[in-house]
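> Below is the structure, and that's it, no one-letter string:
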């Protein structure tokens with residue numbers, strides 16, 4: 001179990017783990033997430049304890065982390081949303097008059113929305129026909145990445161560069177408390 005950071009300015013840190021025996025096919029599942037994490041019962045139950053409120057710097061760092069992750073995953077193929085899409089909010093006036101057609105959020109917004117809001121279904125993005133997928137959901141800022149066994153070692157080697165200049169720590173937790181659905 002990790003020690004709780006007690007100072008007021010908590011350092012943005014990137015955590016990762018391989019999730020054992022959770023895939024239905026010949027893939028390995030990785031979790032990647034930034035901390036501090038907003039206080040969350042699921043993370044606490046899983047054994048994580050670095051909680052705190054993010055600020056504008058945290059948001060910027062988290063956005064950069066997602067950019068680096070997507071850049072790495074795009075090497076496996078073009079990204080496409082395979083889960084249900086979230087549409088942009090329409091004003092009450094637009095809804096009443098049906099002035100505009102529903103417009104989906106961008107792919108990035110689809111991914112990010114599920115890391116914040118737990119009322120949406122999980123977001124699943126496939127990268128080409130490689131078998132690589134990215135999933136976010138349940139309002140947890142965790143990126144779940146399934147990678148075929150043949151590419152898993154290469155992907156694991158890329159994780160430190162995805163973390164960028166931030167501290168990068170392997171952190172194993174009780175994963176059943178956090179895994180999104182569909183279970184891999």
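That came through fine. Because the structure is predicted, anything quoted here is derived from the model rather than measured.
> What count of nearby residues applies to residue 11?
Close neighbours of residue 11, defined as other C-beta atoms under 10 Å, add up to 13. All C-beta atoms are positioned from the backbone trio N, CA, C, and that covers glycine.
> repeat for the one 5 residues further on
Here the count is done by other C-beta under 10 Å, and residue 16 has 20 residues near it.
> what is the rounded mean pLDDT of the longest helix seen in the chain?
Secondary structure assigned by DSSP state H gives helix 56-73 as the longest helix of the chain. Helix 56-73 shows a mean pLDDT of 96.
> Run through who's touching it.
With C-beta atoms under 8 Å, 6 or more residues apart in numbering as the contact definition, helix 56-73 has outside contacts at 12, 14, 32, 34, 36, 54, 79, 108, 111-112, 125, 127, 132, 134, 141, 143, 145, 155, 158, 161-164, 166.
> Buried ones among the residues you listed?
12, 14, 32, 34, 36, 54, 79, 111-112, 125, 127, 132, 134, 141, 143, 145, 155, 162-163, 166 (16 or more other C-beta atoms under 10 Å).
> In helices, which of these appear?
Counted as lying in helices by DSSP H, out of these, are 111-112, 155, 162-163.
> Would you format those as TSV with pLDDT and distance to residue 74 included?
Output for those, formatted as TSV (pLDDT from 0 to 100; distance: C-beta to C-beta, whole Å):
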residue	pLDDT	distance to residue 74
111	96	13
112	95	17
155	97	13
162	98	12
163	97	18
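> can I get those in a markdown table with distance to residue 61?
Putting these into a markdown table (distance: C-beta to C-beta, whole Å) gives the following:
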| residue | distance to residue 61 |
| --- | --- |
| 111 | 16 |
| 112 | 14 |
| 155 | 21 |
| 162 | 12 |
| 163 | 10 |
